[in-house]
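J.: Need the 3D shape of this:
(chains A and B)
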Protein chains: 2
Amino acid sequence: MTRQELTEQIRKKKSYLCVGLDTDVTKIPPHLLSFSDPVFEFNRRIIDATRDYCVAYKINTAFYEAGGVKGWEAMERTTNYISRDHFKIADAKRGDIGNTSSQYAKAFFETMAFDAITVAPYMGSDSVLPFLEYKDKWTILLGLTSNTGAADFELQPAGEGLLYEKVLRTARGWASPENLMFVVGATQPEWFENIRKLTPDYFYLVPGVGTQGGSLREISIKAMNKEVGLLVNVGRDIIFSSKGEDFAEAAGARARAYADEMSGYLK
Amino acid sequence: MTRQELTEQIRKKKSYLCVGLDTDVTKIPPHLLSFSDPVFEFNRRIIDATRDYCVAYKINTAFYEAGGVKGWEAMERTTNYISRDHFKIADAKRGDIGNTSSQYAKAFFETMAFDAITVAPYMGSDSVLPFLEYKDKWTILLGLTSNTGAADFELQPAGEGLLYEKVLRTARGWASPENLMFVVGATQPEWFENIRKLTPDYFYLVPGVGTQGGSLREISIKAMNKEVGLLVNVGRDIIFSSKGEDFAEAAGARARAYADEMSGYLK
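T.: The predicted model follows:
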């Protein structure tokens, strides 16, 4: 999916919501456990209920890997189930030396049909470039994350600024906003304006709204650009809205509420 | 495996070799491709041929993920095949917000029976602590990696030193040498003494010897400590020694040569 196509989907649906499929098998409604693939069954119904209100789905690979081979199967099945009109993100936070990163890129962009993958910057350029070589796919590099641990390194001085600033400045030299995005946590509002100044045209994948307490309003007002430039992820707060038989309906309603709020921020 | 047990294995075998199972299916001998699981078949024979000369095996998850569900199966099978006397490392470079890192820890320490996992430091303490909570398992944090991209961030100024130094200084406060190690690339010899000064008692997992050109001699002389404190990984240079029917024999001979050299550095 190109940047233009993504923006068109956002304008059409009046939503920049990404639904996070952090499908913890211990948290799904118990009546699904009798299915042969309860995780996929849960995801399928969540996707059916939320697809009109979101433009992207984010699969958090950890929750699938925890299930071993069965979990990996559920991930592949889920990815195949999501329509081509939705932007499919593997939240995998990979990154390794060049020949290894190439294998990760192959795993998520070829073996599976993801549009995007999240990548960790610590190991530098040759750990990220093998992902960026896929011009029709997206690399989403960690910039400033939503967790408290961001204070340990990301928000520490590094040369003439903070480490996350150095990452943004360096990485914007690696690729254009046509196939590079950044992770910017919604729990870090004091830095939004600075981040947008450093990377005016890039899209951000924004975790941290919902259970983690970040403000949708604040990120929307402070960091939206002309092409919207935001994909705001909400995971647990949508997918685990209800533990009953109405879980999908409840998730749909919650996604719709987020989309409604978003439509108010879109001009 | 405890640190004492690991050191005992090293003393017994006179080797601190880790064999890297970077099993790229496009590089294994063609005659194996008729097996139902060629990657496992290759690994099984490599393990049988090298087990006496190494104390650890490192599975590079990228090469398995590139194969999808089948690749993940080959990884599980390989992990189960390695004996309990060998230290089993998942070179996965994971790391995410706390509840997600917990799922990765579960995937590699519970669903699969790895002894250790490599972890990326960028996201800070709460992204690493869920791994460290497993006291009988090992977290191997990226310190100074072997790739050229290490120059982009790891070797850049960060406060009173370089970023990798900040990572070492911070992380040594998180856990003792009983369940925390660091990745230190063999291609970075000018930093070995400084790194050992910062983390005198910790084990290092050392990639970069072999195809990447790092010197086994240099890392052994400059960074060995009283408990040895080194696991030197060699992947491609051992496992792809030969593309013929003698591939396992060739790999065994290559591993033996490394172990022989290592025995000379051990006092």
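J.: pretty sure A:Asn194 is touching A:Glu165, no?
T.: Yes. Between A:Asn194 and A:Glu165 a contact is recorded at 7.4 Å, counting by CB atoms under 8 Å. The C-beta positions use only the backbone N, C-alpha and C, and glycine is treated the same way.
J.: So the two - more neighbours on which side?
T.: A:Glu165 (22 against 16; other CB atoms under 10 Å in any protein chain shown).
J.: Tell me if the more buried one really is in a helix.
T.: Yes. Counting by DSSP: H, G, I helix; E, B strand; the rest coil, A:Glu165 is located in a helix.
J.: how about it, what does it touch?
T.: A:Glu165 sits next to A:Ala158, A:Asn194, A:Leu198 when contact means CB atoms under 8 Å, 6 or more residues apart in numbering or on different chains.
J.: Strands - which of those residues land there?
T.: A:Ala158 (DSSP state E).
J.: pretty sure A:Thr23 contacts A:Ile239?
T.: Yes. Between A:Thr23 and A:Ile239 there is a contact under CB under 8 Å: 7.0 Å.
J.: With neighbour numbers in mind, choose between these two.
T.: Legend: neighbour count by other CB under 10 Å for A:Thr23 and A:Ile239, higher for A:Ile239 (28 against 25).
J.: how much space between that one and A:Arg217?
T.: 22 Å (CB to CB, to the nearest Å).
J.: thinking again about what came up before, any common contacting residues for A:Thr23 and A:Ile239?
T.: Joint contacts of A:Thr23 and A:Ile239 (CB under 8 Å, 6+ apart) are A:Phe42.
J.: one step back: out of the contacts of A:Glu165, which is nearest to B:Thr118?
T.: Using CB to CB, A:Ala158 is the member of the contacts of A:Glu165 that lies nearest B:Thr118, at 22.7 Å.
J.: contacting residues for the closest one?
T.: Per CB under 8 Å, 6+ apart, neighbours of A:Ala158: A:Glu165, A:Lys166, B:Phe153, B:Gln156, B:Pro157, B:Ala158, B:Gly159, B:Leu163.
J.: so what's it bridging to?
T.: Counting by DSSP bridges, A:Ala158 is bridged to A:Gly161.
J.: How about the secondary structure of A:Lys267?
T.: With three-state DSSP as the criterion, A:Lys267 reads coil.
J.: Repeat that for A:Phe182.
T.: A:Phe182 - assigned by three-state DSSP - is strand.
J.: what sits against it?
T.: Taking CB under 8 Å, 6+ apart, one finds A:Ile140, A:Leu141, A:Leu142, A:Gly143, A:Leu168, A:Ala171, A:Ile195, A:Thr199, A:Tyr202, A:Phe203, A:Tyr204, A:Leu205 in contact with A:Phe182.
J.: what about the nearest residue to A:Thr61 once chain neighbours are set aside, how many neighbours?
T.: With sequence-adjacent residues excluded and distances taken as CB to CB, 6 or more residues apart in numbering or on different chains, A:Thr61 is closest to A:Ala92, at 4.4 Å. The tally of other residues near A:Ala92 (other CB under 10 Å) stands at 25.
J.: tell me which element A:Ala92 falls in.
T.: strand A:87-94 (DSSP states H and E).
J.: what does that strand contact?
T.: A:1, A:6, A:9, A:18, A:20, A:55-61, A:79, A:82, A:101, A:104, A:108, A:112-120, A:138, A:140, A:142, A:205, A:231, B:62, B:93-96, B:120.
J.: please redo it, this time with the cut-off set to 6 Å
T.: For strand A:87-94, contacts defined as CB atoms under 6 Å, 6 or more residues apart in numbering or on different chains pick out A:1, A:6, A:56-61, A:79, A:82, A:104, A:108, A:114-120, B:96.
J.: after it comes which helix or strand?
T.: Using DSSP H and E, the first helix or strand after strand A:87-94 is helix A:98-106.
J.: Hey, what's the angle from that following helix to strand B:87-94? Just curious.
T.: 70 degrees (axes from the mean of the first three to the mean of the last three CA atoms, to 10 degrees).
J.: A:Phe63 contacts A:Val25, doesn't it?
T.: No. Counting by CB atoms under 6 Å, A:Phe63 does not reach A:Val25; the two are 7.8 Å apart.
J.: These two: which is more packed in?
T.: A:Phe63 (27 against 17).
J.: can I assume that one sits in a helix?
T.: Yes. Judged by three-state DSSP, A:Phe63 forms part of a helix.
J.: Assign A:Ser242 to helix, strand or coil.
T.: coil.
J.: residues touching it, list them.
T.: A:Ala250.
J.: State the distance from it to chain B.
T.: 20 Å (CB to the nearest CB, to the nearest Å).
J.: Can you list the low-confidence ranges for chain A?
T.: Within chain A, no range satisfies pLDDT under 70.
J.: what about the strands in it?
T.: Counting by DSSP E, the strands of chain A are A:17-21, A:56-60, A:87-94, A:116-119, A:138-144, A:157-158, A:161-162, A:180-184, A:203-206, A:230-234.
J.: Any residue of stretch A:29-41 touching chain B?
T.: No. Applying CB under 6 Å from any CB of the partner chain, one finds stretch A:29-41 out of contact with chain B, separated by at least 12.2 Å.
J.: What residues of that stretch count as buried?
T.: Within stretch A:29-41, the residues scored as buried using 16 or more other CB atoms under 10 Å in any protein chain shown are A:Pro29, A:Leu32, A:Asp37, A:Pro38, A:Val39, A:Phe40, A:Glu41.
J.: How about residues contacting that stretch?
T.: Counting by CB under 6 Å, 6+ apart, A:Thr23, A:Val25, A:Phe42, A:Ala74, A:Arg77, A:Thr78, A:Lys243, A:Phe247 sit against stretch A:29-41.
J.: How much space separates A:Lys12 from B:Leu266?
T.: 66 Å.
J.: Show me which of those two is the more surrounded one.
T.: More crowded of A:Lys12 and B:Leu266, by other CB under 10 Å: B:Leu266, with 15 against 10.
J.: show me the contacts for that one.
T.: Counting by CB under 6 Å, 6+ apart, B:Leu266 has contacts B:Lys14.
J.: residues in contact with A:Glu154?
T.: Per CB under 6 Å, 6+ apart, neighbours of A:Glu154: A:Leu144, A:Leu163, A:Tyr164.
J.: measure it to A:Pro121 for me?
T.: In terms of CB to CB, A:Glu154 sits 10 Å off from A:Pro121.
J.: next one: A:Asn179
T.: 16 Å.
J.: repeat for A:Met181
T.: Distance from A:Met181 to A:Pro121, by CB to CB: 13 Å.
J.: now swap in A:Glu227 and tell me
T.: A:Glu227 is 23 Å from A:Pro121, by CB to CB.
J.: Neighbour count for those two, which is higher?
T.: Shown here are A:Glu227 and A:Pro121; by other CB under 10 Å, A:Pro121 has more neighbours (27 against 16).
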